[in-house]
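Asks: Following is a predicted model, sequence given first.
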Protein chains: 2
Amino acid sequence: MPQSPLMTSSPSPLALVPFVSVEHMMKIVNTIGLQQVIRDIAGYIEADFKRWHSFDKRERVAAHSTEGVIELMPTSDGETYGFKYVNGHPANMARGFQTVTAFGLLARVETGYPILLSEMTLLTALRTAATSALAAKYLAPKGAKTMAMIGNGAQCEFQALAFAEILGIKKVRLFDIDHKATEKARYNLSMRGLEVIACPSAGEAIAGAEIITTCTADKQYATILSDNMVGCGVHINAIGGDCPGKTEIHKDILHRSSIFVEYTAQTRIEGEIQQLDAAHPVTELWQVFTGEAEGRASVDQITLFDSVGFATEDFSALRYLYDQLERTGHYTELDLLADPDDPRDLFGMLHRASNSPFYQGKITA
Amino acid sequence: MPQSPLMTSSPSPLALVPFVSVEHMMKIVNTIGLQQVIRDIAGYIEADFKRWHSFDKRERVAAHSTEGVIELMPTSDGETYGFKYVNGHPANMARGFQTVTAFGLLARVETGYPILLSEMTLLTALRTAATSALAAKYLAPKGAKTMAMIGNGAQCEFQALAFAEILGIKKVRLFDIDHKATEKARYNLSMRGLEVIACPSAGEAIAGAEIITTCTADKQYATILSDNMVGCGVHINAIGGDCPGKTEIHKDILHRSSIFVEYTAQTRIEGEIQQLDAAHPVTELWQVFTGEAEGRASVDQITLFDSVGFATEDFSALRYLYDQLERTGHYTELDLLADPDDPRDLFGMLHRASNSPFYQGKITA
């Protein structure tokens, strides 16, 4: 029925969506503790991988340009829908921008209404590190204490602390072609009780490491690890090969390794295995987590996690975040959804607002 | 280089994204004037359709459920990237929720950084109406003064006012199976100077109308228009057939009509033409707007715009909105993007925040 022009025009609770800004994300992480957050997110990721068949899965929807890529990563478990917006622009760093920025959303499948909007630049760093350490829990040599890290950019410290928290890594050996990046990571990690060694080459960084993490940003086929550098029994955590045309690991190493992936269809396009035949055997993480497939089978085996990041990991991280909102109180509410008193009367809501002093605007220029 | 713990942790301008809330959108529309906004958006949509080949185009990415659909609609013109999140849940109305809610984003392709986040429930209603009236400018009988509107829900008034503004429609004939919806639309439109007639049936609504707009929400094959209801020379503006399994127009009418669509690949899946053979000829709007194809060719022709909504229309609407920000001042800024002083030092930003009284949080429960 037509409403009186005197009806309120202020947003109803239905119209408001909880929003976690970068500031709030930092407060949440610093309140709970970074390593605890990584451990908790790993728990959510593991639980969701174990119910793999509950999820709608698809390769991410990518818009490629010469400068980089913008991607949408949707998934749903039938009750909750989530997606992430993420960019990857290797040249950004030189311009003072982040290589990767992201934000994401959860919504109720039943109504389509969003229930959480969040920054995900930090959350992506956390979930990527959590996924790597979680995979390594099943794949790395038992009792591993030393990790080599090739590429010391924005993701480096998160990886190191995730491996310290979840695997008990004590020592990290750093190398980056930019020594300033290494110095930054050395400084940050030293404060966290890790033994940190800055190395002058990738070869020296790898010496004695049971785990090798590669995490560089160039959008090209680069050989960060060549065949003669990698001995038996190590676990390779390959983060940086994550879009078409971008790989880090020499093909010969791939042929010597047991390869583990998140979602095969996407990794074939984006991961290290884009260098291999489409029929090359790989194992999906969920198979290992559920016990359907073997993880590490022998001490001599080279295991390789060909990480590209998958939508369910973002879903899990957002689900974790959602569960922290009431507990921490670190969020605001955004007036994102129009919610007229009568859902058919969107026009009336707009019209009534024009009569409300609260909503009447003036052109200022 | 490692930064002093005393460095500021407050967000840099790079980290902030302009945000247009529902409140701000209403202020912008009411400041500029609803009909002027629709006319202006139609201009942006027309300009973008005329450079059709500049855009990355794809069918929207849909997550269907028994209750409805959640869709992502991305596109890019190589300089600017845009996407919309939109749901369609016909059962929402009965629960007091909007059938369609939406929000969207623009980003720079060069950096991947978002430059605008906006509510799009209202903006979608505006751009849908603008697109319909724009198509009718090329397709409807010259001098049309009367429009029938079958379905008087949230989109109804926006359509009527767009046709009044862009085509000079003076009279609207309303019908809805829910007479309360008709009464709401009659009340709203009477205030805007249109002659409004509430009709007891679809057949009576259509009598004497040169333009027929169908805009119902049921997610099913429904025959809102049957063959004997539609005479020669009319223009049909079919809005409501917009997902697989949802159509409004009897197949026989389609066979008598010249059919115009936005993006053929998507309309074949979602539009009225899902009832037809995949080879049935259709004309895309951009071809008409550029003069490459004919619009209305004769007075007897039935023209049918099989509207499902396309990503470039949202892109155009967001581009228009972006151009109003400085002029109206009706936006806020969201701390959506992490932007450390050194882009490689995401961890350091988080760490420094933990030492800053401003960012230290306390668990409140």
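Replies: Done, it's in. Quick caveat: nothing in here was measured; it's all calculated off a predicted structure.
Asks: Need the distance between the two termini of stretch A:84-101.
Replies: Taking Cα to Cα, to the nearest Å, the first and last residues of stretch A:84-101 lie 10 Å apart.
Asks: Tell me who's in contact with A:Ala293.
Replies: Shown in contact with A:Ala293 (Cβ atoms under 8 Å, 6 or more residues apart in numbering or on different chains): A:283-284, A:287. C-beta here means a position set from N, CA and C on the backbone, and glycine is covered the same way.
Asks: Any stretches of chain A with poor pLDDT?
Replies: A:1-11, A:218-222, A:241-243, A:356-365 (pLDDT under 70).
Asks: one more time with 80, if that's ok
Replies: Residue ranges of chain A with pLDDT under 80: A:1-14, A:217-224, A:226-227, A:240-246, A:355-365.
Asks: Now do the same contact list for the closest residue to chain B within the stretch 101-250 of chain A.
Replies: Nearest residue of the stretch 101-250 of chain A to chain B: A:Gly112, at 2.4 Å (Cβ to the nearest Cβ). A:Gly112 is in contact with A:81, B:67-70, B:87-89, B:92, B:101, counting by Cβ under 8 Å, 6+ apart.
Asks: secondary structure class for the most centrally placed residue in chain A?
Replies: Against the mean C-alpha coordinate of chain A, by Cα atoms, centre = their mean, the closest residue is A:Thr124 at 3.2 Å. The three-state assignment at A:Thr124 reads helix, by DSSP: H, G, I helix; E, B strand; the rest coil.
Asks: Please name the nearest non-neighbouring residue to it.
Replies: Closest residue in space to A:Thr124, ignoring its immediate chain neighbours: A:Ala102 at 4.8 Å, by Cβ to Cβ, 6 or more residues apart in numbering or on different chains.
Asks: ok, that neighbour to A:Tyr85 distance?
Replies: 6 Å (Cβ to Cβ, to the nearest Å).
Asks: Find residues that contact each of those two.
Replies: A:Met120.
Asks: Can you report how many residues lie near the residue nearest to A:Gly153 when sequence neighbours are not counted?
Replies: Leaving aside its chain neighbours, A:Gly153 sits nearest to B:Arg344 (4.8 Å; criterion: Cβ to Cβ, 6+ apart). For B:Arg344, the count of nearby residues is 23 (other Cβ atoms under 10 Å in any protein chain shown).
Asks: Is B:Arg344 in a helix, a strand, or coil?
Replies: Classified using three-state DSSP, B:Arg344 is coil.
Asks: where exactly do the strands run in the stretch 151-300 of chain A?
Replies: A:171-175, A:195-198, A:211-214, A:221-225, A:235-238, A:247-249, A:257-261, A:283-284 (DSSP state E, counting those that start in this stretch).
Asks: any idea which of these is most buried?
Replies: Of the strands of the stretch 151-300 of chain A, the one with the most neighbours on average (mean count of other Cβ atoms under 10 Å in any protein chain shown) is strand A:235-238, at a mean of 28.
Asks: who does it pair up with?
Replies: When pairing is defined by DSSP bridges, strand A:235-238 lines up against strand A:211-214 (parallel), strand A:302-306 (parallel).
Asks: For B:Val196, find the nearest of those strands.
Replies: The closest of those to B:Val196 is strand A:302-306. By Cβ to Cβ, the value is 62.9 Å.
Asks: got the angle between the closest one and strand A:257-261?
Replies: Orientation of strand A:302-306 against strand A:257-261 (axes from the mean of the first three to the mean of the last three Cα atoms, to 10 degrees) gives an angle of 30 degrees.
Asks: Give me the contact list for strand A:302-306.
Replies: Under Cβ under 8 Å, 6+ apart, the answer for strand A:302-306 is A:132, A:135-136, A:139-140, A:230, A:232-238, A:241, A:249, A:253-254, A:256-261, A:267, A:271-273, A:282, A:285, A:295-296.
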